[in-house]
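**Student:** Give me a 3D structure for the following:
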Amino acid sequence: MLKYLYLNNFRNYENLEFKPDEKFIIFTGANGTGKSNLLESIYYLGTGYSFRQARDDNLVRFGSGYFAISGIVTCTGVDYKIDVLYQKEKKRKTIKINNKRVLPGVCSSYLPVVIFSPQDLLLIKGAPSGRRRFLDLLVNQLKPQHSKDLHYYNAVLLQRNKLLRGAKTTEADLFPWEQQLSSIGARIWKRRISVFSQLIDCSSELFASLSRGRILRGEYRSKIKGIKENNDLEGFQKLFLDALQKGRPTDKKVKFTTIGPHRDDFQLYLNDHEARLYASQGEQRLITLALKMGQCQLLSLEKRTEPVLLLDDVFSELDEKHRVLVLDGVKKGSQVLATTTASFKEEYGRRKALTSHITMVYPKNF
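**Tutor:** Numbering: from 1, shown residues only. This is a model prediction of the structure:
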C-alpha cells in the first residue's frame, strides 16, 4: 500500500507531494495534465521501470538533469521508504529501500502494483520482450530472488556475447560462462514456468466467466526443446548447457547468444487458435483483462497482501460488467488509483484539488 509519494523533476512535475487519504481515488482532468504520469511514477516505484516502456531519459522533466521519486509504502504491516534517483548525464539509476541500495526488481515485493491501461493489448500483439517483462514482474512480485538472478544472468550473458565477438575465442573460453548461464538460467526457467502455469489457471477461469465459456490456453515457448514444468533444476541446466554448446557455431557467426531465457516467449490461444493472429481487438482486451486479474489473484493468494491497482483511463474501454470485475478489488481491500477525463456530478463523491489542473474524486459507493 502506498502511504506517501514525492516527485521531483519527473515528467511534467517539478515538485509534487501526494498522500493517498482513501483506498479509492479517481484523478480527473483534461488530457495532457499529468494524470497518467502520476500513475507511471507509482508503477516505477514498484517495479523500477515505466509501464509505457519509455526510456529513463524521457522521464526527466525538460530542462533538468535528473528525476527523483520517493515513497513510503506499507508491506505486511511494516513501513518502508523507497527512493529512486536517475541521473541523465551519467545514465545511472539508483534505488534504495530504507537507505540501502537494491536492484530495481527488489521493489516489486515491497510495493506490488498491477496496471490496467490501453497499452495492455501489447501483451497479446506486441513483441516477446513485453511478455517476458510482464511475466518476470509477476515472478519478482512472488519470488524476490528472481530479480537478482535476472541481473546476474544478464551480466554473464554480456560476457559471453563479448567473447563471441572475438576472432580468437575458443570453446574453452566460452565454457565457464556457459556453465554459469545454464545454472542461473535453470532457476529463471523453473520459476517462470511454474508461475506462468499458475497465472494461466487463474486467468482461464476468469476469461471463461467473461466470455461465456470460451477457452483461454497458454504455452511457454523456448527454442530449447524438452523444457517442461516438472523438470528439476539439474534437468533444466543440462538442457541449456547442451544447447549452448551445440549453438556455438551459430552464435559465433551472429556474434550473440541466440538461445536462453532472454529469447523465450509465451503464446496465448483462444479456442485453440493463436490469439495474436485470430482474436478480435475486443477479445484481446478481454484476454489481457483476465491476465491482469489473474495477476491480482496470485498476488493476493501467494503474498497474502492486496496489490495496488492502477487504472489508467480504462473506464471508457470497458463495459459495466468488466468495470465491476476490475473494481471488485476495492471490496477485497486493494488500494485503487484511477485516471479519467470524465467529469462527475457533485453527488458522486467529495473532491479535492491535487494540482491546478487535476482533481481527486472520492466515490461514495466504494
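
**Student:** Kindly report the domain assignment for this protein.
**Tutor:** 1-112+307-366, 120-304 (automatic domain parsing).

**Student:** so what's the residue lying farthest from the centre of the chain up against?
**Tutor:** Each residue of the chain has a distance to the centre, and by C-alpha atoms, centre = their mean the biggest one is for K168: 39.9 Å. Under the criterion of C-beta atoms under 8 Å, 6 or more residues apart in numbering, K168 has no contact partners. In this view, the C-beta of every residue, glycine as well, is placed from N, C-alpha and C.

**Student:** repeat for E17
**Tutor:** 4-6.

**Student:** and those residues as a markdown table, adding neighbour count?
**Tutor:** Shown next, in a markdown table, are the contacts of E17 (neighbours: other C-beta atoms under 10 Å):
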| residue | neighbour count |
| --- | --- |
| Y4 | 14 |
| L5 | 21 |
| Y6 | 18 |
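
**Student:** just curious, which of those is nearest to V324?
**Tutor:** Nearest to V324 among the contacts of E17 is L5, at 27.9 Å by C-beta to C-beta.

**Student:** Quick check: that closest one touching F18?
**Tutor:** Yes: in this structure, L5 is within contact of F18 by C-beta atoms under 8 Å, at 4.4 Å.

**Student:** which phi and psi does S343 have?
**Tutor:** Taking degrees, to the nearest 10, you get phi -100, psi 160 for the backbone angles of S343.

**Student:** Is it correct that D120 is in contact with A290?
**Tutor:** No: counting by C-beta under 8 Å, A290 is not a contact partner of D120; they are 10.8 Å apart.

**Student:** Between the two, point out the one with more neighbours.
**Tutor:** Neighbours per residue (other C-beta atoms under 10 Å) separate D120 from A290, with A290 holding more: 26 against 22.

**Student:** isn't there a helix covering that one?
**Tutor:** Yes: according to DSSP: H, G, I helix; E, B strand; the rest coil, A290 belongs to a helix.

**Student:** nearest spatial neighbour of it, skipping sequence neighbours?
**Tutor:** Nearest non-adjacent residue to A290, counting by C-beta to C-beta, 6 or more residues apart in numbering: F207, 3.9 Å away.

**Student:** can you count the residues close to that neighbour?
**Tutor:** 25.

**Student:** so what secondary structure elements neighbour the helix or strand hosting it?
**Tutor:** Secondary structure assigned from DSSP states H and E places F207 in helix 171-210. The contact analysis (3 or more C-beta pairs under 8 Å, 6 or more residues apart in numbering; DSSP states H and E) places helix 171-210 against helix 128-142, helix 145-164, strand 216-221, helix 233-246, helix 281-303, helix 320-331.

**Student:** follow-up on the earlier one: by mean pLDDT, show me the worst of the domains of the chain.
**Tutor:** Lowest mean pLDDT within the domains of the chain: domain 1-112+307-366, at a mean of 90.

**Student:** Could you tell me how many residues sit around K19?
**Tutor:** 10.

**Student:** That one touches Y6, doesn't it?
**Tutor:** No: taking contacts as C-beta under 8 Å, K19 lies outside contact range of Y6: 9.8 Å.
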